[in-house]
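**Student:** How does the following fold in three dimensions:
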Amino acid sequence: MAVAATCWVSAAQAQGVLERVKAGGKLVIAHRESSVPFSYIDPVSRQPMGYALDLCLKVAEAVGKKVGVKNVPVDLMLVTPANRIAMVEQGKADMECGSTTNNAERREKVAFTIPHFITGARLLVRADSKVDRIEDLMGKKLVSTKGTTPLKAADQANRERLMGITILEAPDHARAVEMVEKGEAEAFVMDDVLLYGLAANRPNPAALKVVGKFLTTEPLAIMLPKNDPAFKKVVDDEMRRLIVSHEILPIYDKWFAKPIPPKNTPLNLPVSYLLRDFWKYPTDQVPF
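**Tutor:** Purely as a prediction, here's the structure:
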């Protein structure tokens, strides 16, 4: 009996995403709560939305075409920075549509498609702060979000340069911003595009500013299961089609150039030269 149960579990794990969807199963898309404008929950409508989520819904259409299923049923799953990798690695989510960096350490556990954004970690501080770079934080408190690459980069810089910074972990981005606003931390280190989005949606955006040089280079991409090459090919092909056809540009503009919920404030972030160059030869291979 135990042997039979084990075989059944192994067979279920071996079934790829395409096979499951073709057989009538749902596509499980993981999303985030406060990764503005990539993947977040609108506090007014309580609906998940964002740039990465729109791209994932395009991918869902491509999956449907591949397996011959119209209107693929989609389940949306809320994940956190701390558990997002585990949810994909364990097969509980088929795609994570957020602001996750594709790097070598994570590629040991999961796969990634072609980057949809390239950013870098900088600092969010209060508008009256004299902090302009990480060195100005000597002996002060710096917060970042648990389970993120900027947190690791800040910890490494702190140890290597002996800056004596007290590094705090926040459970999510929104709490980290709140800690800066309340003076519980001098700065919040995170991808600068997220910092601009988070600040724009605070009660008083003018009370915050983004400062400093890039501590990291972060290619952000949709996260996928590691051992499902057939599914990954569909995702890669659709991302490449969106980029080469320039169909991705109006989706980008919707979230980075035009007013977005909940405050209908535009981020005014055009496609960077770094991302534009990368998209000339779209690939999932990144040098990090």
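
**Student:** mind checking the end-to-end distance for stretch 264-283?
**Tutor:** End-to-end distance for stretch 264-283, by Cα to Cα, to the nearest Å: 33 Å.

**Student:** List the buried residues in that stretch.
**Tutor:** By 16 or more other Cβ atoms under 10 Å, the buried positions in stretch 264-283 come out as 267, 269, 271, 275, 278-279, 282. To be clear about C-beta, it is placed using only N, CA and C from the backbone, and glycine gets the same treatment.

**Student:** want to throw those residues into CSV with secondary structure, distance to Lys140 and pLDDT?
**Tutor:** Listed next are the buried residues of stretch 264-283 as CSV, based on DSSP: H, G, I helix; E, B strand; the rest coil; distance: Cβ to Cβ, whole Å; pLDDT from 0 to 100:
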residue, secondary structure, distance to Lys140, pLDDT
Leu267, coil, 28, 88
Leu269, coil, 28, 87
Val271, coil, 35, 90
Leu275, helix, 32, 92
Phe278, helix, 35, 92
Trp279, coil, 38, 96
Pro282, coil, 41, 95
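
**Student:** Help me confirm that Gln285 is found in a strand?
**Tutor:** No: read with DSSP: H, G, I helix; E, B strand; the rest coil, Gln285 is coil and lies in no strand.

**Student:** Which parts of the stretch 151-288 of the chain are helices?
**Tutor:** Under the criterion DSSP state H, counting those that start in this stretch, the stretch 151-288 of the chain carries helices at the ranges 173-181, 192-200, 229-244, 248-256, 273-278.

**Student:** What is the burial count for the residue nearest to Val143 when sequence neighbours are not counted?
**Tutor:** Distance criterion Cβ to Cβ, 6 or more residues apart in numbering; nearest residue to Val143, sequence neighbours excluded, is Ala185 at 3.8 Å. Applying other Cβ atoms under 10 Å, we find 25 residues neighbouring Ala185.

**Student:** wait, Ala185 sits on Ile167?
**Tutor:** No: distance between Ala185 and Ile167: 9.3 Å, which falls outside the contact criterion (Cβ atoms under 8 Å).

**Student:** list the residues that contact both of the two?
**Tutor:** 141-143 (Cβ atoms under 8 Å, 6 or more residues apart in numbering).

**Student:** got a list of what Met223 touches?
**Tutor:** 30, 84-85, 88, 95-96, 98, 100, 106, 110-112.

**Student:** 6 Å - rerun?
**Tutor:** 88, 96, 100, 110, 112 (Cβ atoms under 6 Å, 6 or more residues apart in numbering).

**Student:** Neighbour-wise, give me the winner out of those residues.
**Tutor:** Neighbour max across these (other Cβ under 10 Å) = Thr100, 30 neighbours.

**Student:** Sort out which residues of stretch 54-68 are buried, please.
**Tutor:** Buried positions in stretch 54-68, judged by neighbour count with 16+ other Cβ under 10 Å: 54-56, 58-60, 62-64, 66-67.

**Student:** Hmm, Phe214 is touching Gly120, no?
**Tutor:** Yes: between Phe214 and Gly120 there is a contact at 3.2 Å, judged by Cβ atoms under 6 Å.

**Student:** Among these two, which residue is more densely surrounded?
**Tutor:** Using other Cβ under 10 Å, the more surrounded residue of Phe214 and Gly120 is Gly120, with 18 against 13.

**Student:** Show me which of the buried residues of stretch 54-68 is closest to Lys233.
**Tutor:** The nearest member of the buried residues of stretch 54-68 to Lys233, counting by Cβ to Cβ, is Lys66 at 9.1 Å.

**Student:** contacting residues for the residue positioned nearest the centre of the chain?
**Tutor:** By Cα atoms, centre = their mean, the chain has its centre lying nearest to Ser99, at 1.2 Å. Contacts for Ser99 (Cβ under 6 Å, 6+ apart) come out as 35, 38, 194, 220.

**Student:** Buried ones among those?
**Tutor:** The neighbour-count test (16+ other Cβ under 10 Å) applied to the contacts of Ser99 identifies 35, 38, 194, 220 as buried.

**Student:** Going by distance to Trp255, which of those wins?
**Tutor:** Phe38 (7.8 Å).

**Student:** which residue ranges form the strands in the stretch 51-200 of the chain?
**Tutor:** 74-78, 95-97, 111-112, 117-119, 121-126, 141-145, 166-170, 187-191 (DSSP state E, counting those that start in this stretch).

**Student:** Thanks a lot, catch you later.
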